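> The following comprises the amino acid sequence and a computationally predicted model.
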Amino acid sequence: MGRGKGDDSHAPSLARWLTEPLCLPKIAAAPFRDPVETNVHAAGMPVIVLPGMASGDRSTALLRNSLEAAGFKPRAGGLGRNMTVSAEKFHSLETLLADAVQTEGKRAILIGWSLGGFYTRVLAQRHPEKVALVATLGTPFSGSRRANNAWRLYELLADHPVDAPPLPDDPAVKPPVLTLAFWSPVDGVVAPASARGLPGERDVAIELPFRHFEMGCSRRAVKQIIEQISSHLAAADA
């Protein structure tokens with residue numbers, strides 16, 4: 001079937017995709033920027049933050065530093081440059097999650113930007129007792145794995161098709177924990193519907209009107225992400 005009026009389940013247009021590189025300076029500067037001020041005063045809950053495809057932990061530095069300023073205990077994923085889904089990297093994240101929970105004595109928040117969100121959702125599927133909340137930022141977990149402008153690059157870098165990763169878990173299955181899906185109507189990489197998910201695949205879909213490459217490094221986006229996470233955690237505990 002062709003794309004109907006209002007259908008946002010297909011990969012974004014080339015014109016929108018070509019605007020994404022405008023955000024690269026923000027990503028490059030992330031480690032050097034002051035933390036974003038929020039109205040959140042967290043009590044030391046551990047947070048693991050995973051970067052998007054072809055990015056490393058430097059790209060999430062502003063988000064992690066802002067989480068720390070808000071009272072969380074953030075940790076980088078330590079995946080190196082996050083190129084593809086890997087069983088070895090997943091196992092290292094399981095160790096990281098276990099250590100974070102044991103050290104802080106609290107369940108963890110998992111935040112995954114784009115490709116990083118696949119890991120967070122599967123971690124929460126397998127270890128729900130260790131996870132309080134999962135937040136994905138522009139992660140194409142729902143629908144076709146080709147409803148984005150990155151799948152060809154992914155297959156060029158990977159030793160497997162984009163829809164047959166080495167982990168058998170289906171990231172579209174909602175983890176049995178509070179699950180937030182941040183999506184953008186102006187995403188130039190991922191189809192909005194794919195990042196938003198269906199009602200049974202996440203608890204809450206939150207519109208974040210920023211480009212894909214700035215979801216984790218725009219100051220306004222970071223503020224909204226942290227405050228939304230804190231608000232939904234408080235509501236869940238009420």
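Structure's in. What do you need?
> Please identify the helix or strand for residue 26.
helix 24-29 (DSSP states H and E).
> And the contacts of that helix?
55, 59, 213, 214, 217, 218 (C-beta atoms under 8 Å, 6 or more residues apart in numbering). C-betas here are computed from N, CA, C, even on glycine.
> Give me the number of neighbouring residues for the closest residue to the last one other than its chain neighbours.
With sequence-adjacent residues excluded and distances taken as C-beta to C-beta, 6 or more residues apart in numbering, residue 218 is closest to residue 210, at 5.1 Å. The burial count assigned to residue 210 is 23, neighbours taken as other C-beta atoms under 10 Å.
> residues in contact with residue 210?
184, 186, 218, 220, 221.
> in the protein, which helix or strand is least confident?
Least confident helix or strand of the chain, by mean pLDDT, DSSP states H and E, is helix 151-157 with a mean of 89.
> Now do the buried residues in that helix.
151, 154, 155 (16 or more other C-beta atoms under 10 Å).
> Which residues are in contact with residue 217?
Residue 217 neighbours (C-beta under 8 Å, 6+ apart): 23, 26, 27, 30, 59, 60, 62, 63.
> Now for those residues, which sits with the most neighbours around it?
Neighbour-wise, the contacts of residue 217 (other C-beta under 10 Å) top out at residue 60, 29 neighbours.
> which residues sit in contact with it?
30, 49, 50, 51, 76, 113, 216, 217.
> again, but for residue 40
Residue 40 touches 70, 71, 226, 227, 230, counting by C-beta under 8 Å, 6+ apart.
> Phi first, then psi, for it.
Main-chain dihedrals, residue 40, degrees, to the nearest 10: phi -100, psi 140.
> Measure how buried residue 14 is and give me the count.
What residue 14 shows, counting by other C-beta under 10 Å, is a neighbour count of 9.
> quick one: it from residue 149, how far?
8 Å (C-beta to C-beta, to the nearest Å).
> Kindly report the same for residue 37.
33 Å.
> repeat for residue 41
Relative to residue 149, and taking C-beta to C-beta, residue 41 is found at 39 Å.
> Next: residue 84.
Taking C-beta to C-beta, one finds residue 84 at 16 Å from residue 149.
> so how far is stretch 54-67 from its chain's centroid?
11 Å (C-alpha atoms, centre = their mean, to the nearest Å).
> what do you get for stretch 10-25?
18 Å.
> just for this structure, where's the confidence low?
1-6 (pLDDT under 70).
> can you pull out the strands in it?
Assigned by DSSP state E, the chain shows strands spanning 46-50, 73-76, 108-113, 131-137, 178-183, 204-207.
> Of those strands, flag the one that's most buried.
Highest mean neighbour count among the strands of the chain (mean count of other C-beta atoms under 10 Å): strand 108-113, with a mean of 30.
> For it, name the packing helices and strands.
Using 3 or more C-beta pairs under 8 Å, 6 or more residues apart in numbering; DSSP states H and E as the contact test, the elements touching strand 108-113 are strand 46-50, helix 87-104, helix 116-126, strand 131-137, helix 219-237.
> go again using 10 Å as the cut-off
strand 46-50, helix 61-69, strand 73-76, helix 87-104, helix 116-126, strand 131-137, strand 178-183, helix 219-237 (3 or more C-beta pairs under 10 Å, 6 or more residues apart in numbering; DSSP states H and E).
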